[in-house]
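Asks: The following block contains a protein sequence and its predicted model.
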Amino acid sequence: MKVSVTCGLSDQAAIDFIKPISEVVDINQIRSFRKSSELNINKVLNYNVEKHKNKFLRNLKLLFSFFKNTSKNTSVVIGIYEIPFGLISFIVGKIKNIPICICIIGNPSYSLLRTGFRK
């Protein structure tokens, strides 16, 4: 089983999230799409998206890289945090007909976060 993951987590937080997934016996490959350094985890292929000053262009590059390098034989796409990574996973999953998992990290009762789309 192949999994594609996109996130903006710090290196340690990404390791803490992705390492348990890599230990699942049925998963033989995880493609990690991030804007920072490579994760040194067994079964993980790192796709580092070049940093860009413009947030919109940076996320657009991430979307194109995620789309281009996620094959249709991927079992699930995971976006960690809903915007932009969950949205990127949603777009790629819908276009390529791959199941989608959007992980929301944080305290959902924190009132400042429950506005607009998150509400």
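Replies: Nice, thanks for sending it over. Because the structure is a prediction, the values reported are computed rather than measured.
Asks: Which element, helix or strand, includes residue 57?
Replies: Following DSSP states H and E, the helix or strand that holds residue 57 is helix 55-69.
Asks: in that helix, what's buried?
Replies: Taking 16 or more other CB atoms under 10 Å as the neighbour-count basis, helix 55-69 is seen to contain the buried residues 58, 59, 61, 62, 63, 65, 66. (Each C-beta comes from the backbone N, C-alpha and C, glycine too.)
Asks: ok, the first one touching residue 52?
Replies: Yes. Taking contacts as CB atoms under 8 Å, residue 58 lies within contact range of residue 52: 4.0 Å.
Asks: Ramachandran angles for the closest residue to residue 67 other than its chain neighbours?
Replies: Taking CB to CB, 6 or more residues apart in numbering as the measure, residue 67 lies nearest to residue 92, with 5.1 Å between them; neighbours along the chain are not counted. Here the main-chain torsion angles of residue 92 (degrees, to the nearest 10) amount to phi -70, psi -40.
Asks: Neighbours of residue 92, how many?
Replies: Residue 92: 24 surrounding residues under other CB atoms under 10 Å.
Asks: Next one: residue 24 from residue 10, what distance?
Replies: The gap separating residue 24 from residue 10 is 23 Å, by CB to CB, to the nearest Å.
Asks: and what of residue 23?
Replies: Plainly put, residue 23 is 20 Å away from residue 10 if you go by CB to CB.
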